[in-house]
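Asker: give the three-dimensional model of this entry:
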Amino acid sequence: MADLFDTPSREDTAPRPLADRLRPRHLDEVIGQEQVLGPEAPLRVMLEAGSLGSLILWGPPGVGKTTIARLLADETDLAFVQISAIFTGVPELRKVFEAAKLRRRNGKGTLLFVDEIHRFNKAQQDGFLPHMEDGTILLVGATTENPSFELNAALLSRSQVLVLNRLNPVALELMLQRAEKELGKALPLTGEAREALIEMADGDGRAALNLVEQVAAWKTEKSLTVDELSTRLMKRAAKYDKSGDEHYNLISALHKSVRGSDPDAALYWFARMLEGGEDPRFLARRITRMAVEDIGLADLQAQTICLHAWETYERLGSPEGELALSQAVAYLALAPKSNAGYAAYKAARKAAKKTGSEPPPKHILNAPTKLMEEQGYGDGYQYDHDAEDGFSGQNYFPESMKRGVYYLPVERGFERELKRRVDYFAKLRAKRDS
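Answerer: Residues are numbered from 1 along each chain as shown. Here you go, the predicted model:
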């Protein structure tokens, strides 16, 4: 009797998509994942040592997660069982585990491949643990989301996370060559159009083969140009999830490009987020934050320009308002950088948290009542405007606290002038103290 959860046989009379026909039969045929399958890479080492453990395969769509899992089952002589977290509930999971137990009693192990494993909730993820620990299943989970955020610590501690990369143009070109060999003909494309097809796939092997299948079906006597290809095909939508990893990865790339004073890279990541459907208001807020955090007082116009760009977007809307935001991005990238204000703020907060009950020194306290005067409030206060150089040099920290030094301006932009002032007052203070 066939196992309820075993996948169908490869011997199928129905027409098979090109992606299925080209699915690798051996690990050596997998394209573009040498970092996990190379001679000294983790999977190869595990297999050669005969010690394959549970795995989490983390990577974008179309890079071979399912294929690798299936081939691992073949390499280890385990029954391959595939489920998707999207369509599988607790009753179905129980059946999977019971079938694996029966298989084990008959001397056959089970490699359970769970697609989109991050979609299982905490309780469902915990349900895998006892079956992993007693050897009923060898779990291979696939996820497009960061396992650190989406998977339980207990599950992660029992698995090794392997990162699969999006396929680069070289890997996709090799995939196209295999497809042409399988089809028995070359694609009717010029060299530039072939490069455009690879670009349309955007690192997704499955998408690339689907595009190849469409192009191969066209009846044409000549090689198509880039324009003709673009007319017939739609570019694959860019991978972007406004609440997932790509959201945080791209805003990080934008922020670090601004911090690194690279306007071209900053504008590229800004454009990538807009193309992915990001809310321009989110970008306006983050751009303003960059001005505060990474430029601060080194350029007094930076925050103002960001706020004006934000206001311009609110008044004009898309797409004109986004131009104002892009100009703010370019300005920030080229502005002098300083995080001295940000660092000073954090240092002051840390000190305040540590000494939060210390009162101000009495000489800077007002004394509106007789009792407060008798307690010494305001006694000895020196009015700075009456002092030499308009600076008394008095202590304004709590009396029991050592004077803190938090703000350390840099020698860049307007902070160069602020540093000169800080140093000037420090010398005056030392002179008054002496």
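Asker: only C-alpha atoms for contact and neighbour calcs from this point on.
Answerer: Noted.
Asker: so Leu139: helix, strand or coil?
Answerer: Going by DSSP: H, G, I helix; E, B strand; the rest coil, the secondary structure assigned to Leu139 is strand.
Asker: so it is in contact with Leu111, correct?
Answerer: Yes: using C-alpha atoms under 8 Å as the test, Leu139 is close enough to Leu111 to be in contact (6.0 Å).
Asker: and after the helix or strand encompassing Leu47, which helix or strand comes next?
Answerer: Using DSSP states H and E, Leu47 falls within helix 42-49. Following helix 42-49 in sequence order, the next helix or strand is strand 55-58 (DSSP H and E).
Asker: which helices and strands does that following strand pack with?
Answerer: Taking 3 or more C-alpha pairs under 8 Å, 6 or more residues apart in numbering; DSSP states H and E as the contact definition, the neighbouring helices and strands of strand 55-58 are strand 138-143, strand 160-163.
Asker: what about Gln124, distance to Pro91?
Answerer: As judged by C-alpha to C-alpha, to the nearest Å, Gln124 and Pro91 stand 11 Å apart.
Asker: out of those two, which sits in the busier spot?
Answerer: Gln124 (15 against 8; other C-alpha atoms under 10 Å).
Asker: and that one, what does it touch?
Answerer: By C-alpha atoms under 8 Å, 6 or more residues apart in numbering, the residues touching Gln124 are Val90.
Asker: could you redo the last one with a cut-off of 6 Å?
Answerer: Listed by C-alpha atoms under 6 Å, 6 or more residues apart in numbering, Gln124 has no contact partners.
Asker: try Val161
Answerer: 55-56.
Asker: just the pLDDT at it, thanks.
Answerer: As summarised for this prediction, Val161 has a pLDDT of 93.
Asker: ditto for Thr369
Answerer: At Thr369, the predicted lDDT confidence score is 84.
Asker: which SSE is the closest residue to Ala324 other than its chain neighbours in?
Answerer: Residue nearest to Ala324 in three dimensions, not counting chain neighbours: Ala309, with 5.0 Å by C-alpha to C-alpha, 6 or more residues apart in numbering. When elements are defined using DSSP H and E, Ala309 is found to belong to helix 302-316.
Asker: which elements pack onto that helix?
Answerer: Contact analysis of helix 302-316 by 3 or more C-alpha pairs under 6 Å, 6 or more residues apart in numbering; DSSP states H and E lists helix 320-334 as its packing neighbours.
Asker: which element follows the helix it packs on toward the C-terminus?
Answerer: In the C-terminal direction, the helix or strand that comes right after helix 320-334 (DSSP H and E) is helix 340-354.
Asker: helix or strand right after that following helix?
Answerer: Immediately after helix 340-354, counting by DSSP H and E, sits helix 370-374.
Asker: report the buried residues of that following helix.
Answerer: In terms of neighbour count (16 or more other C-alpha atoms under 10 Å), helix 370-374 has no buried residues at all.
Asker: what helices or strands is the lengthiest helix in the chain leaning on?
Answerer: The longest helix of the chain (DSSP state H) is helix 415-433. Other elements packing on helix 415-433 under the criterion 3+ C-alpha pairs under 6 Å, 6+ apart are absent; no helix or strand qualifies.
Asker: export the helix holding Ala309 to PDB, keeping only CA atoms.
Answerer: Provided in PDB are the C-alpha atoms of helix 302-316 (Å, rounded to 0.1, in the frame of the first residue of the first chain):
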ATOM      1  CA  ALA A 302      20.300  68.400   7.400                       C
ATOM      2  CA  GLN A 303      17.200  67.900   9.700                       C
ATOM      3  CA  THR A 304      15.500  71.000   8.200                       C
ATOM      4  CA  ILE A 305      16.000  69.700   4.700                       C
ATOM      5  CA  CYS A 306      14.500  66.300   5.700                       C
ATOM      6  CA  LEU A 307      11.500  67.900   7.400                       C
ATOM      7  CA  HIS A 308      10.900  70.100   4.400                       C
ATOM      8  CA  ALA A 309      11.100  67.100   2.000                       C
ATOM      9  CA  TRP A 310       8.700  65.200   4.200                       C
ATOM     10  CA  GLU A 311       6.300  68.200   4.200                       C
ATOM     11  CA  THR A 312       6.700  68.500   0.400                       C
ATOM     12  CA  TYR A 313       5.700  64.900   0.000                       C
ATOM     13  CA  GLU A 314       2.600  65.400   2.200                       C
ATOM     14  CA  ARG A 315       1.600  68.400   0.000                       C
ATOM     15  CA  LEU A 316       2.400  66.900  -3.400                       C
END
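Asker: how far does that helix sit from its chain's centre?
Answerer: Helix 302-316 has its average C-alpha position 27 Å from the chain's average C-alpha position, going by C-alpha atoms, centre = their mean, to the nearest Å.
Asker: what residues sit buried inside that helix?
Answerer: 302-303, 305-307, 309-313.
Asker: need the residues that contact that helix.
Answerer: Contacts for helix 302-316 (C-alpha under 6 Å, 6+ apart): 284, 288, 291, 321, 324-325, 328.
Asker: what do you get if the cut-off is 10 Å, keeping everything else the same?
Answerer: With C-alpha atoms under 10 Å, 6 or more residues apart in numbering as the test, helix 302-316 has contacts from 280-292, 295-297, 317, 319-329, 331-332, 335-336.
Asker: format the buried residues of helix 302-316 as a markdown table; extra columns: distance to Leu408 and pLDDT.
Answerer: Listed next are the buried residues of helix 302-316 as a markdown table, based on distance: C-alpha to C-alpha, whole Å; pLDDT from 0 to 100:
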| residue | distance to Leu408 | pLDDT |
| --- | --- | --- |
| Ala302 | 20 | 96 |
| Gln303 | 20 | 96 |
| Ile305 | 25 | 96 |
| Cys306 | 25 | 97 |
| Leu307 | 26 | 96 |
| Ala309 | 30 | 96 |
| Trp310 | 30 | 95 |
| Glu311 | 32 | 95 |
| Thr312 | 34 | 95 |
| Tyr313 | 35 | 92 |
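Asker: out of those residues, flag the one nearest to Glu192.
Answerer: Distance to Glu192, by C-alpha to C-alpha, is smallest for Tyr313 among the buried residues of helix 302-316, at 37.7 Å.
Asker: gap between the closest one and Arg281?
Answerer: Separation of Tyr313 from Arg281 (C-alpha to C-alpha): 8 Å.
Asker: cool, Leu164 as well?
Answerer: When C-alpha to C-alpha is the yardstick, Leu164 and Arg281 sit 33 Å from each other.
Asker: anything in contact with each of Leu139 and Leu111?
Answerer: With contacts taken as C-alpha under 10 Å, 6+ apart, Leu139 and Leu111 have 54, 69, 81 as neighbours in common.
Asker: dump these to TSV, plus pLDDT, distance to Leu408 and neighbour count.
Answerer: Compiled in TSV, the shared contacts of Leu139 and Leu111 are given as follows (pLDDT from 0 to 100; distance: C-alpha to C-alpha, whole Å; neighbours: other C-alpha atoms under 10 Å):
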residue	pLDDT	distance to Leu408	neighbour count
Ser54	94	50	20
Ala69	95	54	25
Val81	95	60	22
